[in-house]
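Trainee: Show me how the following folds:
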Amino acid sequence: MEAQLLHCPIRGPLQVPQRAKDGLRYTEEKRRIDAIRFLLHRDYPRTHFGVERTLLRFGHAGRNSFRVDFSVYRQPWAVIRKRPIEDRLRDTRLVAEIKRDNTDANQAIETQVKPALGFLPDLSALGVYWDDVEQRFFYRSLEGNRTELREAPITKIPRWSETVGSTQLTYRDLDDSRNLSAVFDNLEDSLHPYIADKSKRYSVLFQLGDYVRECRRFRR
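Mentor: Coordinates of the predicted model:
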């Protein structure tokens, strides 16, 4: 039976439900915990996480702030939590932005993930975007005298203390979608400019669905 309230591996029991009021969709907090657990399985140290952190203060007397859903630091959070924000910024290894669904994914990536990564002095720091459809990470690389921002599927994110290696997807990286209906909704939207007839769009989607089922059968 599914638990009604969430348990975070960093903060412990939460008075937050797993599902939204409609009883169908998961809450944003559930997505955040999924992302945290994924990184824990990649050996990111539990004690190095800071949840709902202020990344940067700016404006008059620091009245404005830039927040992230969670950060991972090079040192334990308990060690650096009382340090000035500027010091913590230099110790930040990863920042993450979490959304309940994929509706505003592009906007969140452009206005949250990429700017947050740009604030971090360490070029090896990473950014993560996670929702019900997309889970990606962002990293920077030096190309001559320029810094290039790149992205890759979350399955290619390096383990703790490792650097970004090959980001080319392989069969072993594939996983079941957490929200297949949302994936097909996005595909239907993408097909709309090219196939005006709705019935023809759905015909293409049904063919794709058959292909997905065959792939799953093959994997088993």
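Trainee: Next, residue 116: phi, psi?
Mentor: Here is the backbone geometry of residue 116 (degrees, to the nearest 10): phi -60, psi -40.
Trainee: Please name the nearest non-neighbouring residue to it.
Mentor: Once flanking residues are discounted, residue 116 sits nearest to residue 95: 4.5 Å by CB to CB, 6 or more residues apart in numbering. Every residue, glycine included, has its C-beta placed from N, CA and C.
Trainee: tell me the secondary structure for the one you found?
Mentor: Reducing the assignment at residue 95 to three states with DSSP: H, G, I helix; E, B strand; the rest coil gives strand.
Trainee: Local confidence estimate at it?
Mentor: In this model, residue 95 is scored at 97, pLDDT.
Trainee: What about it, how many residues nearby?
Mentor: The tally of other residues near residue 95 (other CB atoms under 10 Å) stands at 28.
Trainee: Spit out the contact partners of it.
Mentor: Each residue near residue 95 by CB atoms under 8 Å, 6 or more residues apart in numbering is listed here: 55, 68, 70, 71, 113, 116, 117, 120, 125, 126, 127, 128.
Trainee: Out of these, the closest to residue 10 would be?
Mentor: For the contacts of residue 95, the residue nearest residue 10 by CB to CB is residue 70; the value is 7.9 Å.
Trainee: tell me the domain boundaries of this protein?
Mentor: 5-165, 180-219 (automatic domain parsing).
Trainee: Let me know which of these is tucked in deepest.
Mentor: Burial among the domains of the chain, expressed as mean neighbours by mean count of other CB atoms under 10 Å, is greatest for domain 5-165, which shows a mean of 16.
Trainee: separation between the residue located most distally from the centre of the chain and residue 207?
Mentor: For the chain, the residue at maximal distance from the C-alpha centroid (CA atoms, centre = their mean) is residue 197, at 34.3 Å. To residue 207, residue 197 is 15 Å away according to CB to CB, to the nearest Å.
Trainee: what does residue 86 give?
Mentor: Applying CB to CB, one obtains 54 Å for the distance of residue 86 from residue 207.
Trainee: Tell me where this structure is predicted with low confidence.
Mentor: Across the chain, residues meeting the criterion (pLDDT under 70) sit at 1, 59-63, 166-186, 188-190, 192, 196, 212-220.
Trainee: Let me know whether residue 90 touches residue 122 as I believe.
Mentor: Yes: under the criterion of CB atoms under 8 Å, residue 90 lies in contact with residue 122, with a separation of 6.9 Å.
Trainee: Just give me the neighbour total for residue 2.
Mentor: Neighbour tally, residue 2, other CB under 10 Å: 5.
Trainee: Perfect, that will be all.
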